[in-house]
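**Student:** pasting the sequence and the predicted model now:
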Amino acid sequence: MAKQSEEAEVRSVLEEFIRSIYDKDAAGAITPLADDTVIFDLAPPLRMNPADARNPRFLEDWFATWRSPIAMQASDLRVVVGGDIAYAFGLRRMIGVKTDGEEVDMWFRTTACFAREADTWRITHMHNSVPFAMDGSNRALLDLQPN
């Protein structure tokens, strides 16, 4: 039963993070990040160092490019907990409208790693990605959907 409770706690951290993205609340989105978190996200750079990951300005700049809330839906989310370390992975759908009118509806892969710090789960690493075409074009495949 304790394992289920720990998994529920990790899921709750992710749900709060997703809710902060939806609300365009940069301070809320960085709250669960560990001091030494490293993020590999969809947008450049390849690697976001801890200082930048925890700087609300980066999220605020991104939020400013959206007209609508940024909805996220998790699919096939799996959470594994072992002691004071946990990870979660699955697919996530992002839906919304950009300020230029572009309608976004895309799926991507997501992984988050956690460490328990003083009885609180903190995100130590997040990795979001999309596959790319292996046909030499190097196109990001943004229209894939789960099967």
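**Tutor:** Arrived safely.
**Student:** what mean pLDDT does stretch 14-26 get?
**Tutor:** Averaged over stretch 14-26, pLDDT sits at 97.
**Student:** give the buried residues for it.
**Tutor:** 14, 17-18, 20-21, 24-26 (16 or more other Cβ atoms under 10 Å). All C-beta spots, glycine's among them, are computed from the backbone N, C-alpha and C.
**Student:** which SS class is the spatially closest residue to Phe40 that is not a sequence neighbour?
**Tutor:** Closest residue to Phe40 apart from its sequence neighbours, by Cβ to Cβ, 6 or more residues apart in numbering: His127 at 4.3 Å. Assigned by DSSP: H, G, I helix; E, B strand; the rest coil, the conformation of His127 is strand.
**Student:** pass me the low-pLDDT residue ranges in the chain, would you?
**Tutor:** Within the chain, the segments meeting pLDDT under 70 span 1, 3.
**Student:** if we can go back for a sec, narrow the buried residues of stretch 14-26 to those in helices?
**Tutor:** Among the buried residues of stretch 14-26, DSSP state H puts 14, 17-18, 20-21, 26 in helices.
**Student:** quick one: which of those residues is nearest to Gly82?
**Tutor:** Nearest to Gly82 out of those is Leu14 (Cβ to Cβ; 17.3 Å).
**Student:** surely the closest one meets Arg78?
**Tutor:** No - using Cβ atoms under 8 Å, Leu14 makes no contact with Arg78, being 11.6 Å away.
**Student:** surely the residue nearest to Phe40 meets Val38?
**Tutor:** No - between His127 and Val38 there is no contact under Cβ under 8 Å: 9.1 Å.
**Student:** please put the alpha-carbon coordinates of stretch 113-123 into CSV.
**Tutor:** Provided in CSV are the C-alpha atoms of stretch 113-123 (Å, rounded to 0.1, in the frame of the first residue of the first chain):
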residue,chain,number,x,y,z
CYS,A,113,12.8,11.6,-12.9
PHE,A,114,12.2,12.4,-9.2
ALA,A,115,14.1,12.4,-5.9
ARG,A,116,12.5,12.6,-2.5
GLU,A,117,13.8,15.6,-0.6
ALA,A,118,12.6,16.1,2.9
ASP,A,119,9.4,14.0,2.3
THR,A,120,8.7,16.0,-0.9
TRP,A,121,9.1,14.6,-4.5
ARG,A,122,11.1,17.0,-6.7
ILE,A,123,11.7,16.7,-10.4
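**Student:** alright, that wraps it up for me.
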